[in-house]
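Novice: Pasting the sequence and the predicted coordinates here, then a few questions.
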Amino acid sequence: MHNPRVPSGDTRYGRALALRTGGARLPPRQSAALTHPPERHLATDPLQALPENASVRRYLEAGAEPASSDHSLANPRLGGWELRCHPDLVERLEEAALAVGIEPAFLYGLPVLIHPDGVAFATARGTSLVLLRLPGDARDGVQRSRWGTEDLDDAAWVDVEPWLDLPGAQPLERLSEWVVRAFEHAATVGG
């Protein structure tokens, strides 16, 4: 049975969020008892262990809200937090991350790429902000976004343009290259 809350053929809530309701109609608003208290998820925050992640963790936590929308409540990947990144941008980050074989973790409602060593190296927010942890020599080679790094107070992070609009830019390939460079750099960060 088709879920009437998601228009037929609408892919915005498809692969990017892996929203699976089994065709069941969701109630208008879930009760507060079904929202997951944020404190419960802090214990499973994979960024907690490394001091190298302190600044990005503060950035991710800022503005985080417990899930209240139907698709955030129904999506176990979000861990009880409201999604703060457009599904198209989530999908873009997922596609770029295929180059390093990493799937985003969702922390505080934002997708985050985490190196197997535990170092966060990419995140996305809103409709067009992607942040990468890059070494100094690689920062000049990326196409910067107009947003800057917002409130991320760490010079190791740089904003990149995920939707390059340049002739012959091959935006996904370029973003994938930058993600690979950030992944490689993450292996050298910390202890």
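Specialist: Thanks, I have the structure now. Since we're looking at a predicted model, the values are computed, not measured.

Novice: Can you tell me how far Trp163 is from Glu65?
Specialist: 26 Å (Cβ to Cβ, to the nearest Å). Just so you know, the C-beta spots here come from the backbone N, C-alpha and C atoms, and that holds for glycine as well.

Novice: Distance from the biggest helix by length in the chain to the middle of the chain?
Specialist: In the chain, assigned by DSSP state H, the helix with the most residues is helix 171-186. Relative to the chain's own centre, helix 171-186 is displaced by 15 Å; criterion: Cα atoms, centre = their mean, to the nearest Å.

Novice: Check stretch 90-110 too.
Specialist: Distance of stretch 90-110 from the chain centroid (Cα atoms, centre = their mean) equals 6 Å.

Novice: Now tell me which helix or strand of this protein has the poorest mean pLDDT.
Specialist: Within the chain, no helix or strand scores below helix 38-42, which has a mean of 44 by mean pLDDT, DSSP states H and E.

Novice: list the buried ones in the helix or strand just after it?
Specialist: Next helix or strand after helix 38-42 toward the C-terminus (DSSP states H and E): helix 54-61. Residues 55-57, 59-61 are the ones in helix 54-61 that count as buried (16 or more other Cβ atoms under 10 Å).

Novice: Ok, stretch 175-191 next?
Specialist: Within stretch 175-191, the residues scored as buried using 16+ other Cβ under 10 Å are 175-179, 181-183, 185-186, 189.

Novice: for those residues, which one is nearest Leu50?
Specialist: Distance to Leu50 across those (Cβ to Cβ) is lowest for Val189, with 8.6 Å.
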